[in-house]
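>>> make a model of this:
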Amino acid sequence: MSFYSRMEGEIVFSDQDSFLKIINILKKGLWIDEEGYFLNENGHRVTEFPTIFNDKMQIYIPNYYYRNLTNINFFRENGTGYLIGTSTDGCFAGWIQTDKTETHYDLLMWATNELGEEEVPDPDKEFEEYCKWQSDVEDAFFEYAEGCTSFNCTFLQ
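Numbers count the residues shown, from 1 in each chain. Below is the predicted model of the structure:
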C-alpha cells in the first residue's frame, strides 16, 4: 500500500559510507536520479537543480508530495538535520523530525490551536473548499515547522 506525503528536509551525514547507503536506497526506490535530482512518482524532476550534495554529504529534500518517502529512516545512518511532513492520505497529520526528536500533530487540532480555525468546510458538501483549507493548513504548518527547525520551538531545545 502506498502512502503519500508532502515532505521537506535537510540531512547531513558524518561519514561517506552512511551517506552512500541512503543515496543507494533513494536511487533504488526511484526517489532520485543519477544526477541527484529528486523525482516525482512519474520519474520527473521536482526541481531545476540537483539537491544531493556529494561534497558535503548532504541531502536536501525539496518541499513536494512524495510516494512512500516516509519509509526511509534518514537518521538511522548517522544523519543529522530535520524532516517536515504532512499528509492527507487517509489522515490529516503533520510531523517534525530531527536526529534527536520526533513530534506528530493532528493537523485539525493544530489548526484549531495555532491558527484559531473553528469552522472547517464540510468535505461532503464543499469538497473543493475543504481541499483548499487543508492545503492552507499544510502551508501554515510548514511555515511553523521551518521556524522550529531553526530552534525557535521549545520541543527542540
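>>> buried sites along stretch 108-116?
Residues 110-111 are the ones in stretch 108-116 that count as buried (16 or more other Cβ atoms under 10 Å). All C-beta atoms are positioned from the backbone trio N, CA, C, and that covers glycine.
>>> what's the top helix by length along the chain in contact with?
Longest helix of the chain, by residue count under DSSP state H: helix 127-147. The contact list for helix 127-147, computed with Cβ atoms under 8 Å, 6 or more residues apart in numbering, reads 6, 8, 63, 84, 86, 88, 92, 94, 96, 105, 107, 110-111, 114-115, 117, 120-123, 153.
>>> recalculate using a threshold of 10 Å.
6-8, 63, 65, 82-88, 92-97, 103, 105, 107-108, 110-111, 114-115, 117, 119-124, 126, 152-153 (Cβ atoms under 10 Å, 6 or more residues apart in numbering).
>>> ok, which stretches of this protein are strands?
Taking DSSP state E to define them, one finds strands in the chain at 4-13, 52-53, 58-67, 79-87, 93-98, 102-106.
>>> okay, those strands in a markdown table with mean neighbour count, distance to Phe142 and mean pLDDT next?
Shown next, in a markdown table, are those (neighbours: other Cβ atoms under 10 Å; distance: least, Cβ to Cβ, whole Å; pLDDT from 0 to 100):
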| stretch | mean neighbour count | distance to Phe142 | mean pLDDT |
| --- | --- | --- | --- |
| strand 4-13 | 20 | 7 | 94 |
| strand 52-53 | 18 | 21 | 95 |
| strand 58-67 | 18 | 7 | 95 |
| strand 79-87 | 22 | 6 | 93 |
| strand 93-98 | 21 | 8 | 93 |
| strand 102-106 | 14 | 12 | 93 |
